[in-house]
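> Just a sequence and a predicted model for now, questions to come.
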Amino acid sequence: MPIAPLSTAERDAALATLPHWTLGSDGLSINRTLVFDDFAQAFGFMARVALVAEKADHHPEWFNVYNRVEIRLTTHDAGGLSQRDVALARAIDTFVAQ
Ligand code: HBI
């Protein structure tokens, strides 16, 4: 389903409220890397995110090795960032002890 991409102003306003996320070098994604104690913690986190992502029909691009999870959020249907990425980033943050 098509969804509008965020304007630059909307993007910057959203990023200002997401201190753990950085804008990708292409300007089309937001990124966060997490390091857990071990693989079980990392994979447990990924499982929790997967359930939220599936329910929202909005899925992360991510890479995991052992205790490290690199997350890239972008909206393929928008060709860049959308409010769905912001919402998923906020949900992801709730699963991480700050
Ligand atoms: N996940 N990140 C991301 N971006 C999308 O555009 C997207 C998605 N998951 C499912 C989805 N779109 C569906 O609407 C179909 O387009 C596959």
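Yes, it's here.
> How about residues contacting the top helix by length along the chain?
With DSSP state H setting the assignment, residue counts place helix 39-56 as the longest helix in the chain. Contact with helix 39-56 is made by 34, 36, 59-60, 62, 64, 66-69, 84, 87-88, 91-92, 95-96, as judged by C-beta atoms under 8 Å, 6 or more residues apart in numbering. Glycine gets a C-beta too; all of them are placed from N, C-alpha and C.
> Can you select the buried ones among the residues you listed for me in PyMOL?
PyMOL command restricting the contacts of helix 39-56 to the buried ones, with burial defined by 16 or more other C-beta atoms under 10 Å:
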select buried, resi 34+36+60+62+64+69+84+88+91+92
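> Does the ligand have contacts with the longest helix of the chain?
No. Residues of helix 39-56 contacting the ligand under C-beta under 6 Å from any ligand atom: none, with a closest distance of 7.6 Å.
> Many thanks, we can stop here.
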